[in-house]
Each structure stands twice: as structure tokens, then as C-alpha cells.
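Engineer: Turn this into a model:
(chains A and B)
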Amino acid sequence: MLQVQFIRDNKEEVIKRLKVRNIDASSLIGQVIVLDEERRSLQTKLDNTLAESNKLSKEIGAHFKSGAIDKANALKAQTGELKEASKTYNEQLNEKTEALTALLYQIPNVPHPSVPDGKSDEDNEEIYKEGDVPTLHGDALPHWELAKKYDIIDFDLGAKITGAGFPVYKGKGARLQRALIAYFLDKNTQAGYKEYQVPHMVNEASGYGTGQLPDKEGQMYHVGADDLYLIPTAEVPVTNFFRDEILNEADFPICCTAYTPCFRREAGSYGAHVRGLNRLHQFDKVEIVRVEHPDNSYKAFDGMLEHVKEILRELKLPFRILRLCGGDLTFTAALTFDFEVYSTAQERWLEISSVSNFENYQANRLKLRYKDENGRSVLAHTLNGSSLALPRVLAGILENCQTPEGIKIPEVLVPYTGFDMIS
RNA sequence: GGAGAAAUGGCAGAGUGGUCGAAUGCGGCAGUCUUGAAAACUGUUGAGGGUCACACCUCCGGGGGUUCGAAUCCCUCUUUCUCCGCCA
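Structural biologist: Numbers count the residues shown, from 1 in each chain, chains lettered A, B, ... in the order given. Reported below is the predicted structural model:
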């Protein structure tokens, strides 16, 4: 969430920049400022009451010690009123604080100045394109047909044992998945990201920390008996490593990578665009997460883009990069670039990576800070990106690398798969 | 799953109702000494709110309670450790 202090100091700027997201936040912002003033005024009243009460208690103690029981009891009689007052102030203060927090949760991150206006994904700006779209043979198939033809992904079997959106990978398909995971992790660790294996369920506090809760509750699978959530992305457990931490400047940069399955309920999304691997309830992803000094976060962001580019280049997949417009930007991000691979057989672009800088928006929820040179606690910046999401990369490979003889495995993956052709 | 013990500042560890935001040691930082370093010595060193700055307030695993007053007593939750059971 945004810092109240920041909102107070930059009221007009915040409203102006939130307009890029097509929202008029002026009323929300106004309420925040009023509530914060009320909150602080109550805090002062409470503090003063408590101060008086503390003072009396000390005097009572002193009187008891010196044997002046009468004086002590006389003072005791005075404390009741103060106690009542502080109780009332405290309740009011809690109400205000809760109301303020609830409001702050409703305000999305302020977009970076470079974020273009726009309403939907159609307004995203293509800023980069690389790779040649292959010319496929006449019988080219979409990946779900190829998956069936070569018996490498079984959607029906997944539906039988679990439900729609939970595919079973078989034989060379399973091996190719494992190869991609290993390859991505190797690329990431070579680039300086530290590898982690993390729990696939998180508690409520972690959900709040990265912003899945309270708003997107319905998008996560919830295990009621133990009140845990299946992670929708490794971003959640990894970023929450740093919840309530105070780092040193020397700790930067912090670069993490983790492979996890990702679970998403994706309620209400059906139709042609979710066919096959395009949208799943469970999929695999290798994620990169960075915690950075605010001065360095955009440089780190560029570095992440280059890193993802390098991987796609090695896989020889045609891709483009989009700068998301205000309307398509996720709630917590200040700037997001999406990577899309061109699916030749489907004749459409598939999103395979999303790289975002959250600036200090997540850090404020997480209370993730560092000590600056003056010894002050300052919020750090967090960033993350997919490097990469498996299903659509797999779809891209299957569709773009198909030949009449079979699927030709990209060269860099062959050491991982142990085969160069699926036929 | 059953029985018991515990949770205090970066770490270790005192503190069982008032003068405790908290002894002491280690670590960190600054200084003295030194050509420099080490050692020694001196000082300093948790977080949040609040203020122009002070003052002041809150925080001793989380939440609630008793009391004029709680790190200290009570309830509850969580976590850790030991023993038993089960188990990949």
C-alpha cells in the first residue's frame, strides 16, 4: 500500500498519476487525509491521557512505599476516569486506524511516469520485438492437437483425477517440463539469483504481505481446515521471506529464484482462449524476485528484462515486449513489461513472462526496510518476474518447432531432455 | 496425536508486580592510544507513533484479561525444544 506520508505530501501528483489507471482517486485520497488527521489527533489525546495515568501510578507507588496509604488511595480514585477515557480513545483510535488501512488497501500503486494511458490490453505499447516467425508446413497444428498426437500431455486424464485445467504430462512431455525447469533455474543461478525451494502453501499474513489478500481472495485455493492458501506464484512465499525485516544497505541486491507449481482458481475464465495450455489451474513457473535499494530498482528492472530476453533468444522463440498501459497494470505494480511469445499455429501472442517493479508498495505492506547511511529505516523496493512460466513456453515450442517429422527440441534444451525430437 | 518445558534487544542471557525499554557479555559504530593494524580503554548502539525540535506514548512471540501499576499474574493462540506414539 501507499504510505500515508507520501499521499499527504504528494496529494495532487498521486491523484493525477492514478488517473492513468482510469480511476478517480480524489475522493479516496481526500478521505485518507482526513482519516489520518483524525487518527493522529486521537493518538495525541490517548497519549496525553496515558501520560497522566502513568504519572499517577508512579505517585501511587511512591506513596505506598513511604506508607502514605491515604494519599495513595485518594489518587487511586482519580485513575478510574482516566482509564475510561483512555479506553474510549483507544477504541476510537482502533476504528480510525482500521478504516484508514481499509482505505489504503483500496488504492492501487501509483504508476511510473512512463506508463501510457489506456483501458485494456489493446492499449499496451509494443516496445521491442525479436525473432522470426517460422513458416510452418501445411498441416501445422495447435499445441493441444500436438499434445494428443504425440501423447505427451493428457488433459482428459487430468480432468478425470482432478478436474479441468489440471493436465497430466506424460513421457517426453514430462521430461520436457523437467528440462525446462532445470534450464531456467540454471540460467537464473548463473545470473546471480540464489535458488530456493519453498512451501507451496502460505498463511494469511503472507497473503496480505504481497497483496493477494484481502482483495483477490477468491483467486487462491484455500485449505480451510488449516487456514492455508495454495500459492498462486512463488512470488508470495519468496517475497514474504523479507516480511518485517530491516536490511542493511550492504545486503543489496537480493536476488532469488524458485521453481514452484502455481495454483489459480481463475474463476469465470472459459472459452477458446483458455484452451489447452493457455490457461490452467495448476502450472509450473520459475520466478525471479529482487529486493533492491530504491536508487537501483529501475536499473535492476532493466537487468531482469535483459535476462528474460536472453533466455527467449536461446530458445529461439519469436517474442515481443509490451509496456502495460494504466488500465492493464496490476494493482500493486508501478511498472510492468509483459513478454509474449508468438504462437504460429494459433496465430496469436501468448504471455509468458511479466516483469514488474512494485517500488515500495509491497514493501510498505511487508514492512520491508533497510537502514540508510543516516541510520533511518527506509522502505526497500521489490521486483519480480517470471523466468519463465512453463505452459506457454511449452505451447510455443510445440507449435513453433513442429515439423512434418515431429517436434524439434531447441538446441539449448537437448542436454536437459536427452532427446532432440518428439515424434 | 499424548505428556512436559520454553519464547526478552543483532546474538547470548539476567530480570517473577512499581524507580525496567529492560542488567551483563559478545557483536556493531565512534573515539583515545598506534606509522598502520590488533589489544586495551572511553563513549555509543532496538522498533513504531508523535513533534520544527523536545516532551510524550506504544512495543519483552500474537491476542485478550486482572491491577492504580504487568516483561513479571491469569486465559488463549502460535512457534520451538525434550520424551512417547505414528510415519515418507
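Engineer: Residue ranges in the stretch 201-350 of chain A under the pLDDT threshold?
Structural biologist: A:267-274 (pLDDT under 70).
Engineer: from it, which residue is nearest to RNA strand B?
Structural biologist: Closest residue of the stretch 201-350 of chain A to RNA strand B, CB to the nearest atom of the strand: A:I246 (6.1 Å). Backbone N, C-alpha and C define where each C-beta goes, glycine included.
Engineer: who touches that residue in this structure?
Structural biologist: Residues near A:I246 by CB atoms under 8 Å, 6 or more residues apart in numbering: A:R369, A:Y370, A:K371, A:S377.
Engineer: go with 6 Å
Structural biologist: A:R369 (CB atoms under 6 Å, 6 or more residues apart in numbering).
Engineer: what does the stretch 101-250 of chain A put close to RNA strand B?
Structural biologist: Within the stretch 101-250 of chain A, the positions near RNA strand B by CB under 7 Å from any atom of the strand are A:I246.
Engineer: show me where the stretch 101-250 of chain A has helices.
Structural biologist: Using DSSP state H, counting those that start in this stretch, the helices of the stretch 101-250 of chain A run over A:143-149, A:155-161, A:172-190, A:204-210, A:235-239.
Engineer: how deep is A:E351 tucked in, by neighbour count?
Structural biologist: 15 (other CB atoms under 10 Å).
Engineer: follow-up on the earlier one: tell me the most buried of the helices of the stretch 101-250 of chain A?
Structural biologist: helix A:235-239 (a mean of 26; mean count of other CB atoms under 10 Å).
Engineer: picking up where we left off before, turn the helices of the stretch 101-250 of chain A into CSV, columns for distance to A:E91.
Structural biologist: Output for the helices of the stretch 101-250 of chain A, formatted as CSV (distance: least, CB to CB, whole Å):
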stretch, distance to A:E91
helix A:143-149, 58
helix A:155-161, 52
helix A:172-190, 50
helix A:204-210, 23
helix A:235-239, 34
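Engineer: so which of those comes closest to A:L103?
Structural biologist: A:L103 sits nearest to helix A:204-210 of all the helices of the stretch 101-250 of chain A, at 15.4 Å, using CB to CB.
Engineer: hmm, back to that, pick out the shakiest of the helices of the stretch 101-250 of chain A, pLDDT-wise.
Structural biologist: Ranked by mean pLDDT, the helices of the stretch 101-250 of chain A bottom out at helix A:204-210, with a mean of 89.
Engineer: Quick one: neighbours of the spatially closest residue to A:K194 that is not a sequence neighbour, just the number.
Structural biologist: Closest residue to A:K194 apart from its sequence neighbours, by CB to CB, 6 or more residues apart in numbering: A:C256 at 5.5 Å. When neighbours are defined as other CB under 10 Å, A:C256 has 22 of them.
Engineer: wait, A:C256 sits on A:E287?
Structural biologist: No: if you go by CB atoms under 6 Å, A:C256 and A:E287 don't touch, sitting 8.2 Å apart.
Engineer: roughly how far apart are the closest residue to A:G192 other than its chain neighbours and A:V289?
Structural biologist: Closest residue to A:G192 apart from its sequence neighbours, by CB to CB, 6+ apart: A:C255 at 5.4 Å. In this view, A:C255 and A:V289 are 8 Å apart by CB to CB, to the nearest Å.
Engineer: so is A:L50 in a helix, a strand, or just coil?
Structural biologist: helix (DSSP: H, G, I helix; E, B strand; the rest coil).
Engineer: Equivalent analysis for the one 4 residues further on, please.
Structural biologist: Following three-state DSSP, we place A:N54 in the helix state.
Engineer: Quick check: it vs RNA strand B, distance?
Structural biologist: Using CB to the nearest atom of the strand, to the nearest Å, A:N54 is found at 4 Å from RNA strand B.
Engineer: Quick one: neighbours of that residue, just the number.
Structural biologist: What A:N54 shows, counting by other CB under 10 Å, is a neighbour count of 11.
Engineer: Just give me the neighbour total for A:P113.
Structural biologist: Using other CB under 10 Å, A:P113 has 9 neighbouring residues.
Engineer: Can you report phi and psi for it?
Structural biologist: For A:P113, the backbone dihedrals (degrees, to the nearest 10) come out as phi -60, psi -20.
Engineer: cool, A:D36 as well?
Structural biologist: phi -70, psi -40.
Engineer: Closest residue of the stretch 301-423 of chain A to RNA strand B?
Structural biologist: Counting by CB to the nearest atom of the strand, the stretch 301-423 of chain A gets nearest to RNA strand B through A:S377 (3.1 Å).
Engineer: What's opposite the closest residue in space to that residue that isn't next to it in sequence in the beta bridge?
Structural biologist: Of all residues not flanking A:S377 in the chain, A:R369 sits nearest, at 4.3 Å (CB to CB, 6+ apart). Applying DSSP bridges to A:R369 yields these beta-bridge partners: A:I246, A:L379.
Engineer: per-residue confidence at A:R369?
Structural biologist: The score at A:R369 is 91. That number is its pLDDT.
Engineer: Burial check on it, number of neighbours?
Structural biologist: For A:R369, the neighbour count with other CB under 10 Å is 19.
Engineer: Same question for A:I127.
Structural biologist: Look at A:I127: counted by other CB under 10 Å, it has 12 neighbours.
Engineer: repeat for A:E98
Structural biologist: Neighbour tally, A:E98, other CB under 10 Å: 10.
Engineer: Which strand or helix spans it?
Structural biologist: Assessed by DSSP states H and E, A:E98 sits inside helix A:69-106.
Engineer: so what secondary structure elements neighbour that helix?
Structural biologist: On a contact count with 3 or more CB pairs under 6 Å, 6 or more residues apart in numbering; DSSP states H and E, helix A:69-106 meets helix A:26-66.
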